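K.L.:
generate a structure from the sequence data that follows.
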Amino acid sequence: MAWFILITAGLLEVVWAYAMKQSHGFTRLGPTVVMVVAMVGSVGLLALAMRTLPLGTAYTIWTGIGAVGAFLVGIVMLGEAASPARVIAAMLIVAGLVTMKLASPA
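P.N.:
Numbering: from 1, shown residues only. Okay, the predicted model is just below:
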């Protein structure tokens, strides 16, 4: 269950990052509210996952999901560049996440 909670927390991190971008510097109320709610939910779920999972594992997976997820949202939703170097960097993050999961005792 802790892994499901952690993955959900990571996905909420992607939501708040995208909403922050859409808020245009907190000048648009709707995206700003979505950002705050998703941020609180993300950190709250991370805290729950940390009851079971080690700090290093939980935080690394959480930030990695957020980083790769934001990268993908940027490409798909915002038309950002998917250069070979950026794709390789994202793949290296995913490889690190898989390795961290495999090395986790929980």
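
K.L.:
what secondary structure does residue 98 sit in?
P.N.:
Under DSSP: H, G, I helix; E, B strand; the rest coil, the three-state class of residue 98 is helix.

K.L.:
skip the chain neighbours and tell me the closest residue to the residue sitting nearest the centre point of the chain.
P.N.:
For the chain, residue 66 is the residue whose C-alpha lies nearest the centre (CA atoms, centre = their mean; 1.7 Å). Spatial nearest neighbour of residue 66, chain neighbours left out: residue 13 (3.5 Å); criterion: CB to CB, 6 or more residues apart in numbering. C-beta: built from backbone N, CA, C; applies to glycine.

K.L.:
residues touching the one you found, list them.
P.N.:
The contact partners of residue 13, taken as CB atoms under 8 Å, 6 or more residues apart in numbering, are 38, 42, 62-63, 65-66, 69-70.

K.L.:
what residues of the lengthiest helix in the chain count as buried?
P.N.:
Ranked by number of residues, the top helix in the chain under DSSP state H is helix 55-78. By neighbour count on 16 or more other CB atoms under 10 Å, the buried set for helix 55-78 is 57-62, 64-71, 73-74.

K.L.:
roughly how far is it from the heart of the chain?
P.N.:
Between the centre of helix 55-78 and the centre of its chain there are 3 Å (CA atoms, centre = their mean, to the nearest Å).

K.L.:
pull the residues that contact it.
P.N.:
With CB under 8 Å, 6+ apart, helix 55-78 has contacts from 6-7, 9-11, 13-14, 17-18, 21, 42, 46, 49-50, 80-82, 86, 90, 93-94, 96-97, 100-101, 103-104, 106.

K.L.:
which helix or which strand is home to the residue nearest to residue 66?
P.N.:
Residue 13 belongs to helix 2-22 when assigned by DSSP states H and E.
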